[in-house]
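Asks: This is the structure alone, sequence omitted:
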């Protein structure tokens, strides 16, 4: 039985696996079992922001002398070190970190904290959004989940894009009832084809949350750690959230880890009530990877973000000159890149053609999505874009 047969027989998936069997990775390249090289413009969907096989992070994990496991009830110095690092780099007054294993768990923690802190049980989010796969996370995301799961939590009101002044008026009507625990969104919505809200909307949402006692939760699971040209996408809008959800690129892909970071005020408001037990939240090896990854990002922040800016301009310039078969519109913030094309079937077929030609990209409905590494060099970016252009 070959790998493909074994996978389809024993591994549960929501759709058949793509025909790429990865055995190695290096920089912006994945290498298959047949020694075929693929240029990776996905990086695990915003996970490998520093490229694959990053020598500093991998070597730190390999030489780790951390304990095999630490009971969540015990003291462990690297937990405190990582929490302090996150307090130092996150915007506003965020300070206290809650341990999680990934993005879904980080969002679930945020939901529970918001309900306990405000004594409210309703939420407001962006229609069509995605925040994870738990019942709680699906309850505050796209309305489509209600078609599959009838017993999702009630009480999440949705704001439909475009996110502009008109949408802000709708938000105020929702929040003015003073029964919304939290407004949650990605600052740059990678999961809606790199949807970029108007700054007035973002500034207005933060102001309305303060006015009506609603907590502001920013989901930086995909957009965080440099993806959009700032360390956090919230910084584009000068946001100071009450709660931030982190995961994906927090370890660079070397181990699973998530975090929910809150202000002191929020953490103190739930101190006597909140209990969230995560058996593998902040496993010692994951913490080693996260600390090494974050310290590298901070140390080389100026150089990395300068490269993001330079490559962002290069990608936008190349994409704007490409001849798509149907009308196309580019949405780009840093190296979060969406190309909206007016024909979804055409988009899906381009993804397949690119994979066959040696380039890995993806699509959400009618939007081609590209999430290259922050440190990608122009030579490999040019080669990947040449493949894309040849497949149009």
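Replies: Alright, I've got the coordinates. Predicted, not measured: the structure shown is a model, and the values here were computed from it.

Asks: show me what contacts residue 358?
Replies: Going by Cβ atoms under 8 Å, 6 or more residues apart in numbering, residue 358 touches 36-39, 387. Just so you know, the C-beta spots here come from the backbone N, C-alpha and C atoms, and that holds for glycine as well.

Asks: residues of the helix or strand harbouring residue 123 that come out buried?
Replies: Here residue 123, judged by DSSP states H and E, is contained in strand 122-126. Residues 122-126 are the ones in strand 122-126 that count as buried (16 or more other Cβ atoms under 10 Å).

Asks: Which single one of those residues is nearest to residue 102?
Replies: residue 125 (19.3 Å; Cβ to Cβ).

Asks: Quick check: the gap between that closest one and residue 218.
Replies: 12 Å (Cβ to Cβ, to the nearest Å).

Asks: overlap in contacts of these two?
Replies: Looking at what touches both residue 125 and residue 218 (by Cβ under 8 Å, 6+ apart), the common residues are 184-185.

Asks: Figure out how far the longest helix anywhere in the chain is from the centre of its chain.
Replies: The helix that spans the most residues within the chain, counting by DSSP state H, is helix 301-321. Relative to the chain's own centre, helix 301-321 is displaced by 19 Å; criterion: Cα atoms, centre = their mean, to the nearest Å.

Asks: Can you tell me what sits against that helix?
Replies: Residues contacting helix 301-321 (Cβ under 8 Å, 6+ apart): 50, 226, 229-231, 297, 330, 332-335, 337, 339, 370, 372, 374-376, 378, 381-382, 385, 389.

Asks: lowest confidence element among the helices and strands of this structure?
Replies: helix 145-148 (a mean of 80; mean pLDDT, DSSP states H and E).

Asks: Show me what counts as buried in it.
Replies: Residues residue 145 are the ones in helix 145-148 that count as buried (16+ other Cβ under 10 Å).

Asks: Which stretches in the stretch 51-200 of the chain count as strands?
Replies: Shown for the stretch 51-200 of the chain, the strands assigned by DSSP state E, counting those that start in this stretch span residues 94-100, 122-126, 156-159, 180-185.

Asks: Okay, now the sheet partners of the last one, with direction.
Replies: For strand 180-185, the pairing partners within the sheet under DSSP bridges are strand 122-126 (parallel), strand 215-219 (parallel).

Asks: Beyond the longest helix of the chain, next helix or strand please.
Replies: strand 328-333.

Asks: Partner strands of that following strand, with direction?
Replies: strand 336-341 (antiparallel).

Asks: who does the following helix or strand past the strand it pairs with touch, helix- and strand-wise?
Replies: Scanning forward in sequence from strand 336-341 by DSSP H and E, the next helix or strand is helix 344-357. Under the contact criterion of 3 or more Cβ pairs under 8 Å, 6 or more residues apart in numbering; DSSP states H and E, helix 344-357 touches strand 362-364, strand 367-370, helix 378-390.

Asks: just so I know, which of these lies nearest residue 148?
Replies: Residue 148 sits nearest to strand 362-364 of all the helices and strands packed on helix 344-357, at 17.8 Å, using Cβ to Cβ.

Asks: Spit out the contact partners of residue 249.
Replies: 46-50, 224-227, 293.

Asks: Make sure it is indeed in a strand.
Replies: No - with DSSP: H, G, I helix; E, B strand; the rest coil as the criterion, residue 249 is located in helix rather than a strand.

Asks: measure it to residue 366 for me?
Replies: Distance from residue 249 to residue 366, by Cβ to Cβ: 26 Å.

Asks: ok, back up a step: which residues does the least confident helix or strand of the chain contact?
Replies: Here helix 145-148 makes contact (Cβ under 8 Å, 6+ apart) with 138-139, 152.

Asks: For residue 272, give me the pLDDT.
Replies: Note on residue 272: pLDDT of 84.

Asks: before we move on, back to that, what's the angle from the longest helix of the chain to strand 328-333?
Replies: 180 degrees (axes from the mean of the first three to the mean of the last three Cα atoms, to 10 degrees).

Asks: filter the contacts of helix 301-321 to the buried ones?
Replies: Buried among the contacts of helix 301-321 (16+ other Cβ under 10 Å): 50, 226, 229-231, 297, 330, 332-335, 337, 339, 370, 372, 374-376, 381, 385.

Asks: Verify the stated contact: residue 96 with residue 259.
Replies: No - counting by Cβ atoms under 8 Å, residue 96 does not reach residue 259; the two are 10.2 Å apart.

Asks: more neighbours, those two?
Replies: residue 259 (27 against 19; other Cβ atoms under 10 Å).

Asks: Can you tell me the closest non-neighbouring residue to the more buried one?
Replies: By the measure of Cβ to Cβ, 6 or more residues apart in numbering, the closest residue to residue 259 outside its immediate chain neighbours is residue 246, 4.5 Å from it.

Asks: Next, the contact list for the one you found, please.
Replies: 86, 103, 106, 220-221, 224-225, 258-261.

Asks: In the stretch 201-350 of the chain, where is pLDDT below threshold?
Replies: Within the stretch 201-350 of the chain, no stretch falls below the threshold (pLDDT under 70).

Asks: What count of nearby residues applies to residue 172?
Replies: Other residues close to residue 172 by other Cβ under 10 Å number 14.

Asks: do the one 5 residues further on as well
Replies: Other residues near residue 177 come to 11 when the count uses other Cβ under 10 Å.

Asks: separation between it and residue 120?
Replies: 10 Å.

Asks: gap between the spatially closest residue to residue 32 that is not a sequence neighbour and residue 30?
Replies: Closest residue to residue 32 apart from its sequence neighbours, by Cβ to Cβ, 6+ apart: residue 21 at 5.3 Å. Note on residue 21: its distance to residue 30, by Cβ to Cβ, is 10 Å.

Asks: will you turn the contacts of residue 249 into CSV that also has secondary structure and distance to residue 347?
Replies: Formatted as CSV, those follow (DSSP: H, G, I helix; E, B strand; the rest coil; distance: Cβ to Cβ, whole Å):
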residue, secondary structure, distance to residue 347
46, helix, 19
47, coil, 23
48, coil, 24
49, coil, 25
50, coil, 28
224, coil, 26
225, coil, 27
226, coil, 27
227, coil, 22
293, helix, 32
